[in-house]
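[1] 3D model of this:
(chains A and B)
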Protein chains: 2
Amino acid sequence: MSLSVKILGCGSALPSVNRCATAQIVIHNTHPYLVDCAESTQVQMRKYGIRMAMINHIFISHLHGDHFYGIFGLLSSLGLLGRTNDLYIHCHEDLQFMLESKYSPVKIEELGFKIIFVPLKYDKVELIYDDKGIEIYSIPVEHRIPTCGFIFKEKPLLRNIKKEMIEKYQLTVSEIVAIKNGSDLYLENEIIPNQELTLDPPSPKSYAFITDTLPLKSVEEAIAGCDVLYHEATYENDLIKRAQETCHTTAGQAAEIAKNSGVKQLLIGHYSKRYKNTELLDKQAKEIFENSIAVEDGMEFNI
Amino acid sequence: MSLSVKILGCGSALPSVNRCATAQIVIHNTHPYLVDCAESTQVQMRKYGIRMAMINHIFISHLHGDHFYGIFGLLSSLGLLGRTNDLYIHCHEDLQFMLESKYSPVKIEELGFKIIFVPLKYDKVELIYDDKGIEIYSIPVEHRIPTCGFIFKEKPLLRNIKKEMIEKYQLTVSEIVAIKNGSDLYLENEIIPNQELTLDPPSPKSYAFITDTLPLKSVEEAIAGCDVLYHEATYENDLIKRAQETCHTTAGQAAEIAKNSGVKQLLIGHYSKRYKNTELLDKQAKEIFENSIAVEDGMEFNI
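    Modelled structure (predicted):
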């Protein structure tokens, strides 16, 4: 079991040569999930060896161009590459209307695969995806247009059964399944407690992606206990007024959220174009929450 | 006076890390004209030092994604950069309908500058732009959807007056203007012929951009006498059937057009993704028309 995130783009509205606008790949085991899809995302995927055909779910935080202008090229390329599997796009309903309209940039009816649009809700935290290994939640945040963050939570893993116990008690398949799920072993004259038979599994991991937003108490609550938080930090602390006006967050505010929510690591990104290097933002975040990293495109983090 | 072209992207439908889909900057003196605008064009402009604010005219050959998906990000960035000058987009009318629709990817009414859409015509060669130094023509070509190529033609330059003649005959400003335009000089008892007063100016240059299309006789006629021709060569010669089916051109066919039209130099591009390097296409073009070059992103040609 593994959870990781690859940064495809950590820039904001004005992309540069070294910094694509927002896009990330969250990989749970071998399954990649695309979070936001700025212009050039498909090229970044090629650059970093992400097989775009593997993606079945795309999550779009909001409909500002620096978070979704890459969707047209990506869909078009998936069609040209012969995709037939359904593709789920979790997004504001306007993206569906755009792609289904007469003047859509992509003729989605000609793509050769079906797009299933899953509209996000903006009034409460919601479970939007669930399989046997992971749950994905949307969290409403506060930006200039309807916007959501996302939380990826691994489900608790089954207990690891000690190999020697299988042999010692000649366990059947159904007994093994029950024990891995936490049961004790009932013998004729004896009960073997589960902790004698098993080892703790690795604890499930979780990752929160929060951009673009004002700093929010509701986010702190929703992400409490997450292992890693990616939070936008568009501006340095001195530009707090500008951050407020544009519904963004400063490096210091992002770090406060990390500290208050009890996450183990903070990744900051979505930098204003003015920051050619991120030393200042990195420093300001670390002053409040030491385990902070100002990310750059191409960085990968195991969670 | 100068005319040059900078290749921002020479790939086709599936962009790669080293090859952006189609976009070029034609520079006449200091004025840049953008021809096609694939995804990532704005980043390519930054990479190659093209100031996007300087662009007043954009020419979109057709509405396949690999020729226009970059327009949304470019317009959005121009708005963020504070542009107020009108921007002309010469394109199929559907792009206007798309950008003016309720679900446009860019809210053009919020950009802060006006877009003037100039619809292309697909039934004849047409003069679509004209200033004191250059004429730009659209040429209908034959692709799967309505498509145009473009020709950039410098206007004949004024004759260069010899400095010593200004002094010798104490020429007035109006006499100088007349002589530069080809007049002789009328003195009281004498007529000084223009060729004694002036030197030939550099001959006006011209550049033709032709993509995506079947190879066409009508193109050969329209571009006759151009200095430099960029012609798509999506496929190698052996894939002529594939080229025909998809309404594209092979390297050999592009070279035939160059030879028949009497251009001085051929640039080929718009390569299928299968060509990691372009040696074969370059060779096949050169076999028919020696002064051919298989271009790559970032190359610049003075015309």
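
[2] Against residue B:40, how distant is the closest residue to chain B within the stretch 201-303 of chain A?
    Proximity of the stretch 201-303 of chain A to chain B (Cβ to the nearest Cβ) peaks at residue A:273, 8.8 Å away. To be clear about C-beta, it is placed using only N, CA and C from the backbone, and glycine gets the same treatment. Computed as Cβ to Cβ, to the nearest Å, the residue A:273 to residue B:40 distance reads 17 Å.

[3] cool, and residue A:293?
    Residue A:293 sits 27 Å away from residue B:40, going by Cβ to Cβ.

[4] which of the two has more neighbours?
    The residue with more neighbours, out of residue A:293 and residue B:40, is residue B:40; 29 against 18, by other Cβ atoms under 10 Å in any protein chain shown.

[5] which residues touch the residue nearest to that one when sequence neighbours are not counted?
    Distances taken as Cβ to Cβ, 6 or more residues apart in numbering or on different chains put residue A:40 closest to residue B:40, at 4.6 Å, once the chain neighbours are dropped. Residue A:40 sits next to A:9, A:15, A:20, A:21, A:70, B:39, B:40, B:43 when contact means Cβ atoms under 8 Å, 6 or more residues apart in numbering or on different chains.

[6] Between those, which sits nearest residue B:232?
    residue B:39 (17.9 Å; Cβ to Cβ).

[7] Helix, strand, or coil at the closest one?
    Under DSSP: H, G, I helix; E, B strand; the rest coil, residue B:39 falls in the coil class.

[8] which ones are touching it?
    Taking Cβ under 8 Å, 6+ apart, one finds A:39-40, A:42-43, A:69-70, A:72-73, B:15, B:20-21, B:65-66, B:69-70, B:73 in contact with residue B:39.

[9] Just read off the phi/psi values of it.
    With angles defined as degrees, to the nearest 10, residue B:39 sits at phi -50, psi 140.

[10] Now the residue in the stretch 101-250 of chain A that chain B sits nearest to: phi and psi?
    Closest approach between the stretch 101-250 of chain A and chain B, counting by Cβ to the nearest Cβ: residue A:103, at 3.9 Å. Backbone geometry at residue A:103, expressed as degrees, to the nearest 10, gives phi -110, psi 30.

[11] now swap in the one 3 residues further on and tell me
    The phi/psi pair for residue A:106 (degrees, to the nearest 10) reads phi -120, psi 130.

[12] wait, what's in contact with the residue of the stretch 101-250 of chain A closest to chain B?
    B:94, B:97, B:98, B:101, B:103, B:104.

[13] top of those by neighbour count?
    Neighbour-wise, those (other Cβ under 10 Å) top out at residue B:98, 24 neighbours.

[14] close enough to count as contact, that one and residue B:104?
    Yes. Counting by Cβ atoms under 8 Å, residue B:98 touches residue B:104, with 6.2 Å between them.

[15] Let me see the contact set for residue A:239.
    residue A:250.

[16] Am I right that it is in a strand?
    No. Going by three-state DSSP, the assignment for residue A:239 is helix, not a strand.

[17] hmm, back to that, let me know the closest of the contacts of residue A:40 to residue B:148.
    residue B:39 (20.5 Å).

[18] and the residue of chain A most remote from its centre, what pLDDT?
    Relative to the centre of chain A, the most outlying C-alpha is that of residue A:189, 49.5 Å out, by Cα atoms, centre = their mean. Looking at residue A:189, its pLDDT stands at 88.

[19] Check residue A:16 too.
    For residue A:16, the predicted pLDDT is 88.

[20] now swap in residue A:121 and tell me
    Confidence for residue A:121, expressed as pLDDT, is 96.

[21] Do a quick rundown of the helices in the stretch 1-150 of chain A.
    A:41-47, A:65-68, A:71-80, A:93-100 (DSSP state H, counting those that start in this stretch).

[22] Pick the most deeply packed of the ones you listed.
    Across the helices of the stretch 1-150 of chain A, averaging neighbours per residue (mean count of other Cβ atoms under 10 Å in any protein chain shown) puts helix A:65-68 on top, at a mean of 26.

[23] and that one, what other elements does it pack with?
    strand A:31-37, helix B:71-80 (3 or more Cβ pairs under 8 Å, 6 or more residues apart in numbering or on different chains; DSSP states H and E).

[24] Residues of chain A that sit close to chain B?
    Contact residues (Cβ under 8 Å from any Cβ of the partner chain) of chain A with chain B: A:13-17, A:20, A:39-40, A:42-43, A:46-47, A:65-66, A:68-70, A:72-73, A:76-77, A:80-81, A:94, A:97-98, A:101-106.

[25] Pretty sure residue A:263 sits against residue A:231.
    No. Judged on Cβ under 8 Å, residue A:263 makes no contact with residue A:231 at a distance of 9.2 Å.
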